[in-house]
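>>> no letters, just coordinates:
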């Protein structure tokens, strides 16, 4: 059992809350039974280390069974050690270290996707995690991160995805113009979510949303700049029927992705 919160091994795990350590090692942190459960179910080969307190391990029988099936051994730690490793105050008794497994932009568009989310300079971890989760729920084929978008392996992003990080391909670090070019090459239209765009309801009526689509989402505060908008085929806006000044980025992205998912499935 690991008992010393100041040991080099514990400190190495704790450093994964920092982007520099994640970049250097290619590893990231999974906190809590939900994230660990999804990793063990969908990508067990990515798990490098699995840590749990005896009480936490006893509590989560399903995680124990998945670890046994994947032949991933658990290492017991004290509550103090788990707290020293974790980014959260309450990691619920289970933590894992996993390898980052991004997918190349080339492979994403070579797979003939029908629905993709592109995030350009999305900076808030909670927003990015929610967009990944919404893309997963809407049946999107991939999420592509460009520009200065926040690291998807940031602990707050990982938590916000609630496991969707392991459900669909995610590409990191692409240049927007190259991503758009590859999307067009794969036969996708690129629709930009923008407050100055055309009404999404009119586009729905015209059958635009039935087509294979890459949705382009921009920065929370500034949206998409003119150069980015110029790369898209068409900007679309969500109508505001009430008195709200605007929609949160992740909420707007969720609606856009689901509108496309509904339209594509209705067409068949």
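Here it is on my side, so go on. Quantities reported herein were computed from a predicted structural model and do not represent experimental measurements.

>>> ok, residue 140 - how many residues close by?
Residue 140: 25 surrounding residues under other CB atoms under 10 Å. Where you see a C-beta, it was placed from the backbone N, CA and C, and this is true even at glycine.

>>> tell me the contacts of residue 116?
Residues near residue 116 by CB atoms under 8 Å, 6 or more residues apart in numbering: 108, 109, 140, 141, 142, 143, 144, 183, 188, 213, 214, 215.

>>> my read: the last one touches residue 259, true?
No - using CB atoms under 8 Å as the test, residue 215 is too far from residue 259 to be in contact (9.3 Å).

>>> now residue 252, what's its secondary structure?
helix (DSSP: H, G, I helix; E, B strand; the rest coil).

>>> re the thing from before, more crowded one of residue 215 and residue 259?
Remark: of residue 215 and residue 259, residue 215 carries more neighbours, 27 against 22, as counted by other CB under 10 Å.

>>> mind checking the SS state of the more buried one?
Of the three states, residue 215 takes strand under three-state DSSP.

>>> who's in contact with stretch 36-53?
2, 13, 27, 30, 60, 62-63, 66-67, 69-70, 72-79, 81-82, 85, 93-99, 101, 162-167.

>>> show me what contacts residue 98?
Residue 98 touches 27, 28, 29, 30, 39, 43, 46, 47, 48, counting by CB under 8 Å, 6+ apart.

>>> now the two most distant members of the residues you listed.
29 and 43 (15.0 Å; CB to CB).

>>> which of those two has more neighbours?
residue 29 (26 against 16).

>>> quick one: contacts for that one?
Residue 29 neighbours (CB under 8 Å, 6+ apart): 13, 16, 17, 85, 86, 87, 95, 96, 97, 98, 155, 158.

>>> so which of these is the closest to residue 117?
Distances from residue 117 to these, taken by CB to CB, are shortest for residue 158, at 17.1 Å.

>>> neighbours around the closest one, how many?
Neighbours of residue 158 using other CB under 10 Å come to 27.

>>> surely it and residue 28 touch.
Yes - counting by CB under 8 Å, residue 158 does reach residue 28; the two are 6.8 Å apart.

>>> and the residue positioned nearest the centre of the chain, how close does it get to residue 266?
The centre of the chain sits closest to residue 132, judged by CA atoms, centre = their mean, with a distance of 3.7 Å. Distance, residue 132 to residue 266, using CB to CB, to the nearest Å: 25 Å.

>>> in a strand, residue 221, correct?
No - read with three-state DSSP, residue 221 is coil and lies in no strand.

>>> contacts only, for residue 32.
Going by CB under 8 Å, 6+ apart, residue 32 touches 88, 91, 92, 94, 95, 159.
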